[in-house]
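**Q** Sequence isn't available, so here's the structure alone:
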């Protein structure tokens with residue numbers, strides 16, 4: 001089902017949903033926040049940022065507890081007070097309530113440098129002797145500024161029926177709709193697991209057991225909301241970022257039903273639908289769209305700019321026994337697909353392998369970890385037990401990804417979905433998808449490989 005849709009791609013974020021009352025973290029990513037304070041007498045504005053993490057889980061980011069990683073503010077535009085900059089070395093007192101909109105009375109932010117003190121909670125900037133000062137009645141405003149560069153959030157949950165995952169800022173909540181609530185099927189109490197990864201390495205791992213209206217073993221077979229998990233890191237941005245969902249495993253449908261916007265208070269809502277008997281674990285990956293990659297999605301209703309070449313893998317040299325064509329009805333839903341055929345033709349023994357593949361190009365503005373997702377199907381006919389075929393993919397001359405291997409006669413994988421990731425430099429790149437057959441000894445020995453829904457993000 002094909003259409004090469006050039007679209008702006010995702011950095012990654014991975015959310016796994018389970019429910020545990022205590023969260024365990026591998027090591028947290030400091031969250032960055034912007035600071036602004038206006039309304040100063042004689043003019044001027046404070047702007048800046050800080051980053052930190054609530055290491056002791058008491059709801060605060062506190063300088064005294066070593067939880068502030070960086071701090072910088074700048075003040076300018078005042079007719080009495082000269083412009084100045086304060087950094088972490090100038091910070092004296094700092095206690096931010098996680099999730100609050102800023103600093104006010106009893107929530108101190110005080111720094112001193114360049115001759116001036118900045119007292120955010122009292123709205124005062126002055127020389128040490130107060131001979132020059134300026135005031136504001138406005139509180140210092142704070143907003144999270146999340147960095148999702150090469151980030152992914154994956155969520156794993158035990159689903160029975162229909163449930164919605166609601167993500168907003170640093171919070172996650174479940175809305176249960178029908179059958180048993182998340183993690184509660186047959187009286188169980190399974191957690192939601194949340195992983196954040198950066199550059200392919202896990203940076204945060206958390207487990208959450210949500211509270212429901214009734215304790216286990218109650219299955220919560222009615223419309224209900226769970227408690228909140230409020231330690232998501234990095235914090236989801238409030239700037240209308242568009243998200244892409246990848247289902248990692250699970251038997252039913254998972255889809256984004258609401259993207260973040262001002263109309264829903266920048267909430268991302270993902271719906272899981274498991275209408276089958278019993279319950280199953282599901283895993284998803286959520287990826288914010290990035291400007292680094294001009295990515296594509298090819299559903300192969302047409303050839304979508306791909307071109308076929310013989311002998312694309314493992315330095316084979318048997319072009320007679322490899323071919324490629326576009327199939328109008330061979331795809332996942334009976335529509336278009338790319339097809340690679342290996343073997344057959346005649347009764348000659350070919351013992352040194354044959355391969356073929358389809359290629360297309362894409363461009364990266366910056367170095368990036370890219371994720372490739374594709375659907376494939378491998379069908380084998382009258383092969384012997386030691387005669388095998390592989391479904392393969394590669395980017396440029398990088399490592400070959402073996403997506404599937406079958407040996408022997410009468411095998412059919414059915415349609416499968418696989419993903420893989422590779423770290424790439426900025427510039428132009430080529431993806432190749434295809435297959436390899438190690439040998440054939442009969443005219444009827446043919447391996448057919450079909451590809452659909454190729455996406456790079």
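**A** Yep, it's here. This structure is a prediction, so every number in the text was calculated from the model and none was measured.
**Q** you'd agree residue 64 is in a strand?
**A** No: using DSSP: H, G, I helix; E, B strand; the rest coil, the assignment for residue 64 is helix, not a strand.
**Q** That one and residue 54, how far apart?
**A** 13 Å (C-beta to C-beta, to the nearest Å). C-beta: built from backbone N, CA, C; applies to glycine.
**Q** Show me this protein divided up by domain.
**A** For the chain, automatic domain parsing gives the domain ranges 10-18+148-294, 39-137, 298-456.
**Q** While we're on residue 365, how confident is the model there?
**A** Residue 365 is assigned a predicted lDDT (pLDDT) of 78.
**Q** And residue 203, by the same measure?
**A** 69.
**Q** Show me where the stretch 1-150 of the chain dips below the pLDDT cut-off.
**A** 1-29, 146-150 (pLDDT under 70).
**Q** 50 - rerun?
**A** Along the stretch 1-150 of the chain, segments meeting pLDDT under 50 span 1-27.
**Q** Can you show me the helices along it?
**A** For the stretch 1-150 of the chain, no helices turn up when DSSP state H, counting those that start in this stretch is the criterion.
**Q** how about the strands in it?
**A** 7-10, 14-15, 31-37, 45-52, 60-62, 68-76, 84-87, 91-97, 102-103, 109-113, 116-119, 124-127, 133-135, 140-145 (DSSP state E, counting those that start in this stretch).
**Q** Give me whichever of the ones you listed is most buried.
**A** Mean neighbours per residue, mean count of other C-beta atoms under 10 Å, is largest over those for strand 14-15, with a mean of 26.
**Q** Quick check: residue 238 touching residue 145?
**A** No: contact criterion C-beta atoms under 8 Å: residue 238 and residue 145 do not qualify, at 9.6 Å.
**Q** Please tell me how far the residue sitting furthest away from the middle of the chain sits from residue 225.
**A** Most distant from the centre of the chain: residue 131, at 52.7 Å, with distances by C-alpha atoms, centre = their mean. For residue 131, the distance to residue 225 (C-beta to C-beta) stands at 56 Å.
**Q** hang on, the earlier thing: which one of the strands of the stretch 1-150 of the chain lies nearest to residue 410?
**A** Closest approach to residue 410 among the strands of the stretch 1-150 of the chain (C-beta to C-beta): strand 14-15, 38.2 Å.
**Q** Let me see the contact set for the residue farthest from the centre of the chain.
**A** Shown in contact with residue 131 (C-beta atoms under 8 Å, 6 or more residues apart in numbering): no residues.
**Q** cool, and residue 109?
**A** 35, 93-96, 103, 118-121, 140.
**Q** what do you get if the cut-off is 10 Å, keeping everything else the same?
**A** 35, 37, 50, 63, 71, 73, 91-96, 102-103, 118-122, 140, 142 (C-beta atoms under 10 Å, 6 or more residues apart in numbering).
**Q** cool, and residue 377?
**A** Residue 377 makes contacts with 330-332, 337, 339, 391, 404, 412-416, 448-452, as judged by C-beta under 10 Å, 6+ apart.
**Q** Restricted to buried residues, select those residues in ChimeraX.
**A** Listed next is the ChimeraX selection for buried residues among those, using 16 or more other C-beta atoms under 10 Å:
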select :330,331,332,337,339,391,404,413,448,449,450,451,452
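**Q** The contacts of residue 377 in strands, which ones?
**A** In this view, the contacts of residue 377 that belong to strands under DSSP state E are 337, 339, 391, 404, 412, 416, 448-452.
**Q** Nearest to residue 161 among the residues you listed?
**A** residue 416 (25.7 Å).
**Q** Quick check: closest non-adjacent residue to the closest one.
**A** residue 376 (5.9 Å; C-beta to C-beta, 6 or more residues apart in numbering).
**Q** Can you list the strands that the strand or helix carrying that neighbour pairs with?
**A** Using DSSP states H and E, residue 376 maps to strand 368-380. Next to strand 368-380 in the sheet, as set by DSSP bridges, lie strand 411-412 (antiparallel), strand 416-424 (antiparallel), strand 446-456 (antiparallel).
**Q** roughly how far is it from the heart of the chain?
**A** For strand 368-380, the separation from the chain centroid amounts to 17 Å (computed by C-alpha atoms, centre = their mean, to the nearest Å).
**Q** Give me the mean pLDDT for that strand.
**A** For strand 368-380, mean pLDDT is 89.
**Q** and stretch 61-73, how far out from the chain's middle?
**A** 28 Å.
**Q** quick one, helices of the stretch 251-400 of the chain?
**A** Remark: no helices are assigned in the stretch 251-400 of the chain by DSSP H, counting those that start in this stretch.
**Q** the strands in it, which residues?
**A** 253-258, 268-274, 280-295, 297-298, 307-310, 322-327, 337-343, 354-364, 368-380, 388-395.
**Q** looking at those, which is closest to residue 420?
**A** strand 368-380 (5.5 Å).
**Q** Report the inter-axis angle for the closest one versus strand 337-343.
**A** Per axes from the mean of the first three to the mean of the last three C-alpha atoms, to 10 degrees, the angle that strand 368-380 makes with strand 337-343 is 60 degrees.
**Q** by how many degrees do strand 368-380 and strand 354-364 diverge?
**A** 150 degrees.
**Q** and residue 249, how many neighbours?
**A** Residues lying near residue 249 (other C-beta atoms under 10 Å) number 11.
**Q** Please report the distance of it from residue 407.
**A** From residue 249 to residue 407 the distance is 25 Å (C-beta to C-beta).
**Q** ok, residue 376 touching residue 419?
**A** No: taking contacts as C-beta atoms under 10 Å, residue 376 lies outside contact range of residue 419: 11.8 Å.
**Q** Now for the two: what residues contact both?
**A** Contacts common to residue 376 and residue 419, judged by C-beta under 10 Å, 6+ apart, are residue 403.
**Q** Between these two, tell me which one has more neighbours.
**A** Higher neighbour count among residue 376 and residue 419: residue 376, with 26 against 16, using other C-beta under 10 Å.
**Q** Bridged to that one, which residues?
**A** Here residue 376 sits in beta bridges with residue 416, residue 451, going by DSSP bridges.
**Q** who's in contact with it?
**A** 332, 337-338, 340, 391-393, 403-404, 413, 415-418, 433, 435, 449-454.
**Q** Now with 6 Å, please.
**A** Remark: with contacts taken as C-beta atoms under 6 Å, 6 or more residues apart in numbering, residue 376 is in contact with 391, 416, 451.
**Q** just those residues: which has the poorest pLDDT?
**A** residue 416 (92).
**Q** on that earlier part again, which one of residue 64 and residue 54 is surrounded by more residues?
**A** Neighbours per residue, other C-beta under 10 Å: of residue 64 and residue 54, the larger number sits with residue 54, 22 against 10.
**Q** wait, doesn't the more buried one sit right on residue 97?
**A** No: Residue 54 is beyond contact range of residue 97, at 9.8 Å (criterion: C-beta atoms under 6 Å).
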